[in-house]
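Student: Please work out how this folds:
(one chain, ligands or ions: 1)
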Amino acid sequence: MAPRKLAAGNWKMNGTFAALDQIDRLAADLPTSGCDVLICPPATLVHAMSARAAGKLAVGGQDCHAKTSGAHTGDIAAEQLKDAGATHVILGHSERRTDHAETDAQVAAKSLAAYETGLVAVICVGETEAQRDAGETLDVISAQLAGSIPEGATAANTVIAYEPVWAIGTGRTPTNEQIAEVHALMRERLSARFPDGADMSLLYGGSVKPSNAAEIFATPHVNGALVGGASLKAADFGPIITALSAA
Ligand SMILES: O=C[C@H](O)COP(=O)(O)O
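Tutor: Here you go, the predicted model:
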């Protein structure tokens with residue numbers, strides 16, 4: 001089995017009910033085949049978006065707790081996301097790692113919670129600009145992969161997203177050679193550790209837009225994208241999906 005192609009949108013802390021109009025616009029123009037499409041809205045919109053998008057695209061959360069329930073004010077359990085219609089959950093995004101001091105071990109524990117619930121974990125890794133400048137990128141990515149992905153990961157329950165922190169929301173992207181280098185390393189590490197690691201989908205994320213999508217999707221071992229800002233509007237996300245579908 002080849003890795004599945006996935007165009008994933010991360011709305012982050014953006015969007016209210018009115019933004020669901022974008023889903024109608026997107027769904028009206030989706031390619032009928034070629035790639036999977038996922039949108040991860042704020043938790044407040046998961047249920048409504050799932051109902052609106054049923055059968056057209058998948059919906060996911062942006063985080064979940066490692067525990068199944070309990071006294072954890074403000075948190076959300078994997079089961080609650082699933083109950084609201086989610087099939088995926090983003091875990092270990094650099095904004096969570098920075099804003100909430102999430103560690104690799106916590107990301108791995110949350111991923112296990114996702115697996116136990118039947119959600120696909122979209123596990124994020126990525127170096128800071130200082131780490132890249134110091135020549136540490138491959139070591140950082142290797143350590144994050146080793147620490148953030150739990151035993152039990154398979155191509156069916158796990159997607160990995162490489163998101164250089166310095167490329168997120170900045171309009172800057174790595175060169176294709178830099179993306180290729182990291183994705184080749186990820187493929188090698190995953191293949192060595194997991195029986196079907198060669199089939200796990202590997203996404204690139206960080207300032208993906210319609211104008212650079214096709215070139216990024218032509219990079220070896222890039223099976224899709226995790227898109228932030230450009231996923232908020234159907235007019236931008238639609239062409240990215242089309243580019244992936246055709247890649
Ligand atoms: O999760 C998505 C990424 O952080 C990328 O965000 P961006 O496309 O706005 O740079």
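
Student: what sits against whichever residue of the chain sits closest to the ligand?
Tutor: Using CB to the nearest ligand atom, Gly228 is the residue of the chain that sits closest to the ligand, at 2.3 Å. Heads up, the C-betas are built off the backbone N, CA and C, glycines and all. Neighbouring residues of Gly228 by CB atoms under 8 Å, 6 or more residues apart in numbering: 9-10, 12, 168-169, 205.

Student: what's the spacing between it and Ala27?
Tutor: 20 Å (CB to CB, to the nearest Å).

Student: Get me the contact residues on the chain for the ligand.
Tutor: Applying CB under 6 Å from any ligand atom, we find that the chain lies next to the ligand at 10, 93, 163, 168-169, 205-208, 226-230.

Student: so of the residues you listed, which ones are in strands?
Tutor: Counting by DSSP state E, the part of the residues of the chain next to the ligand found in strands is 10, 205, 226-227.

Student: Tell me the buried residues within the residues of the chain next to the ligand.
Tutor: Buried members of those, scored by 16 or more other CB atoms under 10 Å, are 10, 93, 163, 168, 205-208, 226-230.

Student: Tell me, how many residues neighbour Ser142?
Tutor: Residues near Ser142, counting by other CB atoms under 10 Å, number 15.

Student: Give the helix, strand or coil label for it.
Tutor: Per DSSP: H, G, I helix; E, B strand; the rest coil, the secondary structure class of Ser142 is helix.

Student: how close does it sit to Ala156?
Tutor: From Ser142 across to Ala156, the span is 24 Å (CB to CB).

Student: mind listing the helices for this protein?
Tutor: Along the chain, the stretches classed as helices by DSSP state H are 21-28, 46-53, 78-83, 94-99, 104-117, 129-133, 137-148, 176-193, 210-217, 234-246.

Student: List the contacts of the second one.
Tutor: In this case it means helix 46-53. Contact partners of helix 46-53, identified using CB under 8 Å, 6+ apart, comprise 17, 20, 23-24, 27, 39, 41, 59-61, 81, 84-86.

Student: run the last query once more with 10 Å
Tutor: Residues outside helix 46-53 that contact it (CB atoms under 10 Å, 6 or more residues apart in numbering): 11, 15, 17, 19-24, 26-27, 30, 37-42, 45, 57-62, 76, 80-87, 89.
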